[in-house]
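Student: Generate coordinates for the sequence data below:
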Amino acid sequence: KLFLLFIFLYTLSIVFSQTIPTQIHIALAGNDENGNSNSMAISWQTSNNTITSIVKYGLNSNDYVYEVSGLSSSYYETYHHHAVLPDLIPSTTYYYIVGDESGGWSTEYSFVSAPLSSQLRNDFSFAVFADLGSVNGQYTISLVESMKEDIDLVWHGGDVSYADDSFLHKGCLFKFCYEEAWDTYMNEIQSWSAKVPYMVAVGNHEADCHDPACLFNKERREKLSNFTAYNTRFRMPSEESNGVLNMHYSFNYGNVHFISLDTETGYPGSAEENRYVLPCGGFNDQLTWLENDLIQANIDRTTRPWIFAIGHHPMYQGDSINTDFQAAMEDLFYKYGVDIYFSGHVHSYERDYPVYQGIPEYTYTNPSSTVHIMVGGAGNDEMHDAQLANHDIDPTNHESDGKWIESRANGAWTVITDKDDHVGIGKVTIIDDSNLKFEYYRSSTGLVYDSVNLVKDHSVYANKFNKK
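Tutor: Next up is the predicted model:
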């Protein structure tokens, strides 16, 4: 009898564990009449589906007076849940748990809701980086963990988890590890992604699963292609900003307008316009959306003077220019005064002078051109110390039929670089409406390797787009 009871309890624990929430992460959501992010999206995963997808939350720990229901969906085998907490009190700490009455609940987490733009004009920070996975990512994951009380959000510019490289990980050459790699990464970042809004942009490594276990399996080829995992696992504020899925969207926080771009499929000649390893694309007209978004951002420029954009691919890198990307977006950046464009893809750090049409402005005080900062070495399995047999495993290293090739030489616009697999991330501190500080940290030491102050008088844009 004791043996049968043990078997019963063991089986029950296995079944119950399949519905316990994991991989909890949050993202800014909502958009009030003044453009403030007034909601929060809570996301999580369960191995089996649950009857409901519930977030219980409140203003005090273990006192959940509010409840909201979300939705779940599955693109392969596990289930991904998203629920939006609406109409939050600005700048307020909320405590929450996620789950289901029969399936079980998570432990408690907390977050601080977004402020009104009129309330937050200075002294806030966010982390920014690209190209982060579990392999070689621990230094950065730990550094962000140490920063989580001092930053308001994390902005990840593509190549999230490196699940498509999983067949190159130990023990996975002849094993299907794509989903396991996604799950491992999302669990590793949960300690901060459940507390600080984790805003993501798309990169090439989200495009598809192209390991042998996928390419020779029809179901996996069909289900794990065209950015499906990425667009199912996250809930970015595209609905609120008239964007598309998690491919391109924008949001506001404090006195900043943030734009997340699709540099994979989102313009003519883009790297994966029609195909990565498997066919992809078809995410509507990003360029028209971008201009409309920038027009509105400039109408609101007195309220939110700073405009930042992020995309996975750099426009300027070394002494090379991605001419297709440049042709598609540089004039928009210049015309509407995008202050900084952040990127990754190349696994190193590079800070450039403000530059337009290949001509740099050798100043960070009131430049007319966009500053380009590449923070692509957050830590991943393609950096040398992964000890892979082949370091250059990115199928799009030479993009768009050879029109852009990664360069090791500096360009006329290059100020400083950090190459040779130094792992690092960026941190932006908004000082006020006209001043900010950017710092680049080496993740292994937690020390600042490079910093720069940018000074911008945005009144020229506010006056230009608000003429009666």
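
Student: all helices of the stretch 1-150 of the chain, in order?
Tutor: For the stretch 1-150 of the chain, helices defined by DSSP state H, counting those that start in this stretch occupy the ranges 2-17, 138-147.

Student: Considering these, which stretch scores lowest in mean pLDDT?
Tutor: Ranked on mean pLDDT, the bottom entry among the helices of the stretch 1-150 of the chain is helix 2-17, at a mean of 54.

Student: check contacts around Leu28.
Tutor: Neighbouring residues of Leu28 by C-beta atoms under 8 Å, 6 or more residues apart in numbering: 37, 39-41, 114, 153, 197, 199, 237, 251, 253. Heads up, the C-betas are built off the backbone N, CA and C, glycines and all.

Student: Where does the prediction get shaky in the stretch 351-468 of the chain?
Tutor: 384-404, 466-468 (pLDDT under 70).

Student: Please enumerate the helices of it.
Tutor: 459-465.

Student: what number of residues lie near Ala163?
Tutor: 27 (other C-beta atoms under 10 Å).

Student: Which pLDDT value goes with it?
Tutor: Per-residue pLDDT puts Ala163 at 95.

Student: Can you tell me the SS state at Asn187?
Tutor: helix (DSSP: H, G, I helix; E, B strand; the rest coil).

Student: can you count the residues close to it?
Tutor: Neighbours of Asn187 (other C-beta under 10 Å): 15.

Student: ok, and what's touching stretch 355-365?
Tutor: Against stretch 355-365 from outside (C-beta under 8 Å, 6+ apart): 316, 321, 326, 330, 333-334, 352-354, 367-372, 412-413, 452-455.

Student: Pull out the buried members of the residues you listed.
Tutor: Burial by neighbour count, judged by 16 or more other C-beta atoms under 10 Å, picks out 316, 321, 326, 330, 333-334, 352-354, 367, 369-372, 413, 452, 454 from the contacts of stretch 355-365.

Student: Out of the residues you listed, which sit inside strands?
Tutor: Among those, the members falling in strands (DSSP state E) are 316, 321, 352, 371-372, 452, 454.

Student: and which of those is nearest Ile405?
Tutor: Within those, the smallest distance to Ile405 is 10.6 Å, found for Ile321 (C-beta to C-beta).

Student: wait, doesn't the closest one sit right on His313?
Tutor: No - Ile321 lies out of contact with His313 (C-beta atoms under 8 Å); the separation is 11.6 Å.

Student: export the ones in strands among the buried ones among the contacts of stretch 355-365 to CSV and tack on distance to His422?
Tutor: Shown next, in CSV, are these (distance: C-beta to C-beta, whole Å):
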residue, distance to His422
Tyr316, 20
Ile321, 24
Asp352, 18
Val371, 21
His372, 19
Val452, 18
Leu454, 23
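
Student: Nearest to Asn435, out of the residues you listed: which one, please.
Tutor: Leu454 (7.4 Å).

Student: For that closest one, which residues are in contact?
Tutor: Residues near Leu454 by C-beta under 8 Å, 6+ apart: 339-340, 364, 371, 435-438.

Student: are any of these buried, and which?
Tutor: 339-340, 364, 371, 436, 438.

Student: Glu179 - that's part of a strand, no?
Tutor: No - according to three-state DSSP, Glu179 belongs to no strand; its state is helix.

Student: Neighbours of it, how many?
Tutor: 18.

Student: pLDDT value on the closest residue in space to it that isn't next to it in sequence, please?
Tutor: Leaving aside its sequence neighbours, Glu179 sits nearest to Tyr76 (C-beta to C-beta, 6 or more residues apart in numbering; 6.3 Å). If you check Tyr76, the pLDDT there is 95.

Student: Roughly how far does Tyr76 sit from Leu215?
Tutor: Applying C-beta to C-beta, to the nearest Å, the value for Tyr76 to Leu215 is 15 Å.

Student: sorry, back to before: inside strands: which ones of the contacts of Leu454?
Tutor: 340, 371, 435-438.

Student: can you count the residues close to Phe176?
Tutor: Residues near Phe176, counting by other C-beta under 10 Å: 17.

Student: How about the contacts made by Leu278?
Tutor: Neighbours of Leu278 in contact, by C-beta under 8 Å, 6+ apart: 207-208, 210, 221, 225-226.

Student: Export those residues as CSV, with columns for secondary structure and distance to Asp420.
Tutor: CSV is the format used below for these (DSSP: H, G, I helix; E, B strand; the rest coil; distance: C-beta to C-beta, whole Å):
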residue, secondary structure, distance to Asp420
Ala207, coil, 27
Asp208, coil, 30
His210, coil, 28
Arg221, helix, 37
Ser225, coil, 34
Asn226, coil, 34
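
Student: Please report which of those residues has the highest neighbour count.
Tutor: Counting neighbours by other C-beta under 10 Å, Ala207 comes out on top of these with 29 neighbours.

Student: For it, which non-adjacent residue is closest in space?
Tutor: Tyr276 (3.7 Å).

Student: likewise Ala462?
Tutor: Arg301 (4.2 Å).

Student: isn't that neighbour right up against Lys456?
Tutor: No - the criterion here is C-beta under 8 Å, and Arg301 misses it with Lys456 at 10.9 Å.

Student: my read: the residue nearest to Glu179 touches Glu222, true?
Tutor: No - Tyr76 is not in contact with Glu222 according to C-beta under 8 Å; the separation is 10.3 Å.

Student: Neighbour count: the two, which is higher?
Tutor: Tyr76 (17 against 12).

Student: Any buried residues in stretch 173-192, and which?
Tutor: 176-179, 181-186, 188-192.

Student: next helix or strand past the strand or helix carrying Asn252?
Tutor: Following DSSP states H and E, one finds Asn252 within strand 249-253. Counting by DSSP H and E, the element after strand 249-253 in chain order, helix or strand, is strand 256-260.

Student: tell me what that following strand is packed against?
Tutor: Judged by 3 or more C-beta pairs under 8 Å, 6 or more residues apart in numbering; DSSP states H and E, strand 256-260 is in contact with strand 198-201, strand 249-253, helix 286-299, strand 306-310.

Student: Could you check how far it is from the centre of its chain?
Tutor: 12 Å (C-alpha atoms, centre = their mean, to the nearest Å).

Student: Kindly point out the strands partnered with it and how each is oriented relative to it.
Tutor: Partners of strand 256-260 in the sheet, by DSSP bridges, are strand 249-253 (antiparallel), strand 306-310 (parallel).
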